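Enquirer: below are the sequence and a predicted model; questions follow.
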Amino acid sequence: MKAKVTLKDIAKELNVSVSTVSKALSDSPEIGEATKKRVLEFAALNNYKPNTLARNLKNQRTNTIGVLIPNILNPFFAKVFSGIEQEAIKQGFNVLAVISNESLQKEKQMMEMLNNGLIDGFIIAIAEETQKEQDFSHFKTILSSGTPIVMFDRVAESLNCDKVVVDDFDSAFNATNYLLTNGAKRIACLSMIDNLSVGKLRKEGYQKALQNAKIPLEDNLIIIDEDINSFNEKVMALLKTKATDAIFAIDEHAATIAMKYAVQIGYKIPQDLMIIGFADGLWSRRLTPSLSTVSQHAPEIGLKATQLLLNQIKDNNAEFYKPQTVVIKTELRHRDSTKRI
């Protein structure tokens, strides 16, 4: 394999100093145009590639951000990542993505590895196990080392860092209220993510809407279960009783299972049963009938999280930075599973 051309090689060949070559390649006004031309032509002819890593280390920056995602199969996180990558590239940064697979231990390992000089900061959605255990010690260690963190969607309120969230409580309240306005009397709430902060907030929004409408909560209309098989069985059993005329599903799996079983049983949707889901994934549009959803504007979340992180990385007075929480408004997208007001 042919050795790569270095600054020293160019300097030796053109009989100039390494500093002169470096400045010429950087278009420094200190170097004459004739010398710049000679350096640039020689570099191009010999396919010279600058050592970006060395340059970044000299500037005490890697120009790379680490993104820690809990679940690669969730379309929401994929959309957030697209927003992160688009904004990072726009600002001249690279993105290094890793997946925690909802594991606290893997989350800790990945963060420790990346914080060893590989990245300038983190954008993170907390793993399910981390939120369940409420173990945020690794985040505190990273922050105390001077590496900034921006959390999105799943966040730890106790941590002093930037956060980007959606209005989960208000979104659930408005979605439930929409069903009530459309004549629903017995609204079921389905969730497989009650151990997550977002799941708890959405359930509270649902409960508040019923409370404001003076409709008593019925335990048999609330299905919360982390086990997929058990959850599916409970949803099927509820729908067979015909005890509900509307469903607010807190996560995408809950929504798609409710729709699937309702159609199997013979419900006419939305005449007999209205359904609203959370997260606007591909399946929502492909289901028959199509599913009304609360859209979280995932790419916008990623874009905003990246802007907040890069502002910190580029800020020379980072020690005086005051963390902020940015709330992204959601949108109720009406499809075939709900009636129009």
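Expert: Thanks, I have it. Numbers count the residues shown, from 1 in each chain.
Enquirer: Ala34 and Pro299, how far apart?
Expert: 48 Å (Cβ to Cβ, to the nearest Å). In short, each C-beta sits where N, CA and C put it, glycine included.
Enquirer: show me which of these two is the more surrounded one.
Expert: Pro299 (17 against 8; other Cβ atoms under 10 Å).
Enquirer: now the more buried one: how far from Ser197?
Expert: In terms of Cβ to Cβ, Pro299 sits 21 Å off from Ser197.
Enquirer: Glu13 too?
Expert: 60 Å.
Enquirer: compare those two (neighbour count), which wins?
Expert: The neighbour count for Glu13 versus Ser197, taken as other Cβ under 10 Å, is higher for Ser197 (17 against 14).
Enquirer: isn't that one up against Gln131?
Expert: Yes: with contact defined as Cβ atoms under 8 Å, Ser197 reaches Gln131; the gap is 6.1 Å.
Enquirer: give the residues shared as contacts by the two.
Expert: Arg154 (Cβ atoms under 8 Å, 6 or more residues apart in numbering).
Enquirer: and the helices in the protein?
Expert: Taking DSSP state H as the criterion, the chain carries its helices at 7-14, 18-25, 33-45, 52-58, 75-90, 104-114, 128-133, 137-144, 168-181, 197-212, 228-241, 252-265, 282-286, 298-314.
Enquirer: okay if I get those helices as TSV plus mean pLDDT and distance to Leu332?
Expert: Listed next are the helices of the chain as TSV, based on pLDDT from 0 to 100; distance: least, Cβ to Cβ, whole Å:
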stretch	mean pLDDT	distance to Leu332
helix 7-14	85	58
helix 18-25	82	54
helix 33-45	87	55
helix 52-58	51	44
helix 75-90	94	16
helix 104-114	95	32
helix 128-133	94	26
helix 137-144	93	33
helix 168-181	96	6
helix 197-212	96	13
helix 228-241	96	22
helix 252-265	93	13
helix 282-286	68	12
helix 298-314	95	16
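Enquirer: of all these, which lies closest to His334?
Expert: When those are compared for distance to His334 using Cβ to Cβ, the nearest one is helix 168-181, at 8.8 Å.
Enquirer: any buried residues in the closest one, and which?
Expert: By neighbour count on 16 or more other Cβ atoms under 10 Å, the buried set for helix 168-181 is 168-169, 171-180.
Enquirer: swap in stretch 265-280?
Expert: 267, 269-270, 273-280.
Enquirer: next one: Ala97 from Asp167, what distance?
Expert: Per Cβ to Cβ, Ala97 is found 26 Å from Asp167.
Enquirer: same thing with Arg335?
Expert: Distance from Arg335 to Asp167, by Cβ to Cβ: 21 Å.
Enquirer: report the contact partners of Val95.
Expert: 64-65, 67, 81, 84-85, 88-89.
Enquirer: redo that, cut-off 7 Å
Expert: Taking Cβ atoms under 7 Å, 6 or more residues apart in numbering, we find Val95 in contact with 65, 67, 84-85, 88.
Enquirer: got CSV for those residues, with distance to Leu104 too?
Expert: Below are the contacts of Val95 laid out as CSV (distance: Cβ to Cβ, whole Å):
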residue, distance to Leu104
Ile65, 22
Val67, 18
Ile84, 23
Glu85, 26
Ala88, 26
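Enquirer: ok, which pair from those is furthest apart?
Expert: Taking Cβ to Cβ, no two of these sit farther apart than Ile65 and Glu85, at 9.7 Å.
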